[in-house]
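>>> I would like the atomic coordinates for the input below:
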Amino acid sequence: MAYYLHEKRRNYYVEFGQGRPVVLLHGISNSGRAWSPQIARLVETGFRVIVPDHAGHGASARIGAPLGIEDLAQDVIALLDHLDIESAHLVGLSLGGLIAIELALTASARVDTLVLANSFPSTSTDAFRALADQWASTFRGNDGPVKRFEGAWPSNVSAPFRASDAGIATWQTWHAIAAMADGESLAYIAQGIVGYDSTNRLSTIEKPTLVIAGSDDRISPPSISRDMSLQLQCAKYVEIEAAAHISNVDSADAFNAEMIAFLVGTESIAQ
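Down below sits the predicted model:
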């Protein structure tokens with residue numbers, strides 16, 4: 001099955017492989033297709049890979065009201081329940097990292113480990129509120145998701161990747177996904193995620209965590225990820241040289257090496 005229902009929302013997911021489950025959580029206005037550089041590597045390493053599209057994103061149904069980080073986290077729990085999965089490794093990038101943090105805080109029994117990539121602990125700052133308002137306004141305009149994608153692309157991935165064959169192919173695929181996206185739904189997400197703050201709760205998270213930053217990430221600078229890793233009880237910090245905000249795509253080999261080594265290492269400890 002490709003869909004599950006939660007709170008009357010029909011959300012899309014796809015899964016690959018067998019073994020311990022890994023759930024990959026994408027960033028705002030993107031989709032599970034952003035994880036294509038990771039899926040084969042995880043499967044060949046022996047993991048069951050589950051890739052959802054957040055509500056209002058990708059192939060998931062449109063939404064008609066704002067949804068917050070807590071709501072998106074509850075969607076993940078509903079997906080795990082739908083698949084009869086007791087717990088899973090969570091890998092989240094940007095918005096996906098916030099969702100993973102919320103799950104570790106409120107449903108820790110469902111979380112084995114965390115990989116927090118190019119993320120941040122709070123959306124309650126004035127700067128983020130202004131950014132989210134700008135996103136929502138763009139999303140609601142004519143061809144809003146496409147315009148936001150085109151404007152954000154240079155900040156999201158590195159210049160060498162943009163010029164590569166893989167970068168051009170990725171641009172074409174993601175551009176088409178943006179062209180089919182529902183701007184109103186994405187605007188509701190942008191509005192709904194504002195005001196979340198886990199900063200003072202990070203120290204309560206006991207799960208093994210890998211925090212990944214990109215040295216050239218202008219959206220979530222390395223200093224934010226480094227600070228998060230210092231607050232978490234059991235965290236390793238890695239900074240990928242020359243990676244931008246979507247480091248799993250523009251620096252896939254380095255990202256995969258760090259992620260796989262971490263997940264395999266924690267699996268070995270658990271056994």
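>>> helix or strand for Leu5, which one?
Leu5 belongs to strand 3-6 when elements are defined using DSSP states H and E.
>>> list the contacts of that strand.
By Cβ atoms under 8 Å, 6 or more residues apart in numbering, the residues outside strand 3-6 that reach it are Arg10, Asn11, Tyr12, Tyr13, Gln74, Asp75, Ala78, Leu79, His82. (C-beta placed from N, C-alpha, C; glycine too.)
>>> partners of it in the sheet?
The pairing partners recorded for strand 3-6 under DSSP bridges are strand 9-16 (antiparallel).
>>> can you list the residues that contact the partner strand?
Contacts of strand 9-16 (Cβ under 8 Å, 6+ apart): 2-5, 32, 39, 42-43, 48-55, 58-61, 63, 75, 78-79, 83.
>>> among these, name the ones in helices.
Ile39, Leu42, Val43, Asp75, Ala78, Leu79 (DSSP state H).
>>> next, format those as a markdown table and append pLDDT, neighbour count and distance to Gly192.
Conversion of the ones in helices among the contacts of strand 9-16 to a markdown table gives the following (pLDDT from 0 to 100; neighbours: other Cβ atoms under 10 Å; distance: Cβ to Cβ, whole Å):
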| residue | pLDDT | neighbour count | distance to Gly192 |
| --- | --- | --- | --- |
| Ile39 | 98 | 20 | 28 |
| Leu42 | 98 | 24 | 29 |
| Val43 | 98 | 17 | 33 |
| Asp75 | 98 | 22 | 12 |
| Ala78 | 98 | 17 | 17 |
| Leu79 | 98 | 19 | 19 |
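>>> buried subset of the contacts of strand 9-16?
Neighbour-count burial (16 or more other Cβ atoms under 10 Å) applied to these gives 4, 32, 39, 42-43, 48-55, 58-61, 63, 75, 78-79, 83.
>>> find the least confident helix or strand in the protein, judged by mean pLDDT.
helix 252-270 (a mean of 89; mean pLDDT, DSSP states H and E).
>>> residue ranges with poor pLDDT in the protein?
Residue ranges of the chain with pLDDT under 70: 1, 268-271.
>>> kindly recompute the last result at 80.
Along the chain, segments meeting pLDDT under 80 span 1, 267-271.
>>> now the strands for it?
Along the chain, the stretches classed as strands by DSSP state E are 3-6, 9-16, 20-25, 47-52, 88-93, 111-117, 209-214, 235-240.
>>> I'd like those strands as JSON lines, with distance to Arg140 appended.
Converted to JSON lines, those look like this (distance: least, Cβ to Cβ, whole Å):
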{"stretch": "strand 3-6", "distance to Arg140": "25"}
{"stretch": "strand 9-16", "distance to Arg140": "20"}
{"stretch": "strand 20-25", "distance to Arg140": "25"}
{"stretch": "strand 47-52", "distance to Arg140": "24"}
{"stretch": "strand 88-93", "distance to Arg140": "25"}
{"stretch": "strand 111-117", "distance to Arg140": "28"}
{"stretch": "strand 209-214", "distance to Arg140": "29"}
{"stretch": "strand 235-240", "distance to Arg140": "34"}
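>>> okay, the closest residue to Leu93 other than its chain neighbours and Ser137: tell me how far apart.
Counting by Cβ to Cβ, 6 or more residues apart in numbering, Ala117 is the residue found nearest to Leu93 once chain neighbours are left out, at 4.3 Å. Separation of Ala117 from Ser137 (Cβ to Cβ, to the nearest Å) stands at 27 Å.
>>> and if you look at Ala88?
36 Å.
>>> cool, Gln18 as well?
44 Å.
>>> out of the strands of the chain, which comes closest to Val264?
For the strands of the chain, proximity to Val264 was assessed by Cβ to Cβ; strand 47-52 is nearest, at 9.2 Å.
>>> quick one: that closest one to helix 252-270, angle?
Here strand 47-52 points in a direction 120 degrees away from that of helix 252-270 (axes from the mean of the first three to the mean of the last three Cα atoms, to 10 degrees).
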